[in-house]
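Undergrad: I would like the atomic coordinates for the input below:
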Amino acid sequence: MAGLKTATGEYIDDSWELNVFVEDLGPDADPVTLRVSGSMHIGGVMLQIVDKLKLQRDWSDHALWWEQKKQWLLKTNWSLDKYGILADAKLRFTSQHKPVLLSLPNQCTVRVRANFAQPVFRTVADICKVLGIRHYEELSLLRAPEQKDKRKQKEKDGIQAESYDLTGVRLPASAEQQLFRGMPAHFSDSVNTETCYRMLSVSQTGITPEQIMRMHRPGSLTEKAQINSRWLDSSRTLLQQEVKEHDCLWLRFKYFCFFDLEPKYDTVRINQLYEQARWSVLLEETECTEEEMVVFAALQYRINQLSLNASPTEHSGDPGLDDLDKALASLEVKLEGSSSTPNVLESLTAIPELKDNLRIFRPRKLTLKGYKQYWVVFKETSISYYKSREEALGEPIQQLSLKGCEVVPDVNVSGQKFCIKLLVPSPDGMSEVHLRCLDEQQYAHWMAGCRLAAKGKTMADASYQAEVENILSFLKLQRTNPEAPLAQEAEGAQWLVSPRYQKKFKPKQLTPRILEAYQNVAQLSLNDAKMKFIQAWQSLPDFGITYFVVRFKGSRKDEILGIANNRLIRIDLAVGDVVKTWRYSNMRQWNVNWDIRQVAIEFDEHINVAFSCISAGCKIVHEYIGGYIFLSTRSADRGQTLDEELFHKLTGGHEAL
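TA: Predicted coordinates:
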């Protein structure tokens, strides 16, 4: 719109000049000057810019970015007046998709085109489709740690790590992922993308001692909390969070509740999850015992062996045949179930109980008393113990409700120590009780019951038997097999443990122990070994806890808040002890006071908790809590579609903008 002029050259209409910087012309180029009015819509402004540039190219991915407001102007039918844009607005005409470097859980780097104009949640979804990862809602992006001196860092790292270029990949128009030769179709376009798919789906075997030693290992809960301050806000765009083109970001599993892990469909997802678990153990982000570390090393050794000659497509079958197999298996279960209806009815009416002799120890200050044997009854979600079996008809010495408690394993298979540490909530904090079992079988049944009871479930739950079998399976891995022949050599096996154990033991001590444990996993397939590693990782006491430094209302000192997939944990910063646990199932409501940056949560029985965040913004904490509650609503019956509006509502996206 040119506007109407008088004889003196003055404009008599309501038009005015608007300067727009075009990013493609370079940072030093002069802005494009347009004549606009407040009623002009954004689409008209963009058309004027293209007409002025007179460049024959595809501008469909470009949009306007408002610098002062940090806002994309994506609603092309909105007028300048509706957006509130005046002559002093600094607008930039730029592409919505820009290349970024992405560090994956396996420490490899890929170059991808990321959407800078959509919320990070949607951007991650697009990236995961390119990488072939299902259930993108479990992952998110972090900023890469700052490097004080990049030149020294490159010298320290030696040759710069190879990056795989996927910026040219274009996804098919259909929502369903098309497979070709067992891999997503967009990876079969060229040799380079096929090589990239192998990197994504096959474990990296060339880890060197130097690579492990130079990587940062958090030495305290405070350092672990600092890592979580780098998560990007899922409800805001990359450009709103000052991420620039070619910046390096980390893609990681953020929420530790992995839905529908299926080896036939999740080759990349399982491999990247295994790699994140592996580095979590090697960098001591998740604590484990000597025996557990040896098992992890043995599983890595097996996976490395199989990965050397593995094909990323060898485990992928015909989806149609897989669906047929599932249908037949489901039919078989239904037919078998029909013949045992009385047993099913009996299991519904009678909740299983555990009754046995256990040794119990209640740690107290200034006491030298040890374990003492009692007759213990585990019924529904509570444990009662008596002096003897004969006195079980009377009142118990104590009854413990396990709802909301912390269940911590304390096991040494070689020393025949099978203990369960219970941290039971009480008005004064956490009441600590240790149960010592006689053998593996007793431990597995009681441990499985305690874990379910902590979640408010009884042993009648369908997952009880599977939990027992998982515990027994993990214990079996830690048991030595003296009759099995040892492998003759295991070069570099000692580097499959964390630096702490590398310093504690000599290679001559570590290698035989790893080879002994290897005999228990030597028959596992590649996918089974990865799944076993992930399951063992999930069994660790510290698994899946994300730490933040906070200041609770009414307290004068900083403390640690641990956020897990089903609970919040208050931890003493000085000694690392658990002070209190709150379950999401007991949560009535929570909100954030954005003015004072304080999170307030109300639980059942009029329990109110409030805290301000020290190590990270309260938006990140709010997002974690809401994210876990959102993920708990997922169900196989609902298919693969997600209610993204519900996610943003639970994670507080609208308040943060």
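
Undergrad: where's residue 213 relative to residue 230, distance?
TA: Using CB to CB, to the nearest Å, residue 213 is found at 22 Å from residue 230. No exception for glycine: its C-beta is placed from N, CA and C like everyone else's.

Undergrad: same check on residue 407?
TA: From residue 407 to residue 230 the distance is 31 Å (CB to CB).

Undergrad: of these two, who's got more company?
TA: residue 407 (20 against 16; other CB atoms under 10 Å).

Undergrad: list the contacts of that one.
TA: For residue 407, the contacting residues are 420, 421, 422, 447, 450, 451, 454, by CB atoms under 8 Å, 6 or more residues apart in numbering.

Undergrad: restricted to helices, list those residues.
TA: 447, 450, 451, 454 (DSSP state H).

Undergrad: contact partners for the first one?
TA: With contacts defined as CB under 8 Å, 6+ apart, the neighbours of residue 447 are 407, 409, 420, 471.

Undergrad: from the ones in helices among the contacts of residue 407, which would you call buried?
TA: For the ones in helices among the contacts of residue 407, a burial check counting by 16 or more other CB atoms under 10 Å picks out 447, 450, 451, 454.

Undergrad: any idea how far residue 204 is from the last one?
TA: When CB to CB is applied, the distance between residue 454 and residue 204 equals 36 Å.

Undergrad: again with the third one
TA: Computed as CB to CB, the residue 451 to residue 204 distance reads 33 Å.

Undergrad: lowest-pLDDT helix or strand in this structure?
TA: Scoring the helices and strands of the chain by mean pLDDT, DSSP states H and E places helix 341-349 at the bottom, with a mean of 44.

Undergrad: next SSE downstream of that one?
TA: Per DSSP states H and E, helix 341-349 leads on to strand 353-361 as the next helix or strand towards the C-terminus.

Undergrad: what does residue 463 show for phi and psi?
TA: Backbone torsions for residue 463, taken as degrees, to the nearest 10, come to phi -80, psi 0.

Undergrad: thinking again about what came up before, now tabulate the contacts of residue 407 in JSON lines and tack on distance to residue 285.
TA: What follows is the contacts of residue 407, written out as JSON lines (distance: CB to CB, whole Å):
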{"residue": "420", "distance to residue 285": "24"}
{"residue": "421", "distance to residue 285": "21"}
{"residue": "422", "distance to residue 285": "25"}
{"residue": "447", "distance to residue 285": "24"}
{"residue": "450", "distance to residue 285": "25"}
{"residue": "451", "distance to residue 285": "22"}
{"residue": "454", "distance to residue 285": "23"}
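
Undergrad: closest to residue 111 out of these?
TA: Using CB to CB, residue 451 comes nearest to residue 111 of the contacts of residue 407, at 42.6 Å.

Undergrad: against residue 591, how distant is that closest one?
TA: 31 Å.

Undergrad: residue 411 too?
TA: Computed as CB to CB, the residue 411 to residue 591 distance reads 41 Å.

Undergrad: neighbour-wise, which of those two wins?
TA: Just comparing residue 411 and residue 591: by other CB under 10 Å the higher neighbour count belongs to residue 411, 22 against 13.

Undergrad: which SSE is the more buried one in?
TA: Assigned by DSSP H and E, residue 411 belongs to strand 406-412.

Undergrad: partner strands of that strand and their direction?
TA: Applying DSSP bridges to the sheet, strand 406-412 is found paired with strand 417-426 (antiparallel).

Undergrad: now distance to residue 576 too, for the contacts of residue 447, in JSON lines please.
TA: Output for the contacts of residue 447, formatted as JSON lines (distance: CB to CB, whole Å):
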{"residue": "407", "distance to residue 576": "17"}
{"residue": "409", "distance to residue 576": "17"}
{"residue": "420", "distance to residue 576": "20"}
{"residue": "471", "distance to residue 576": "25"}
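
Undergrad: out of these, who's nearest residue 219?
TA: Nearest to residue 219, judged by CB to CB, of these is residue 409 at 23.6 Å.

Undergrad: run a quick neighbour tally on residue 64.
TA: Using other CB under 10 Å, residue 64 has 21 neighbouring residues.

Undergrad: list the contacts for it?
TA: Contacts of residue 64 by CB under 8 Å, 6+ apart are 20, 42, 45, 46, 72, 73, 91, 92, 93.
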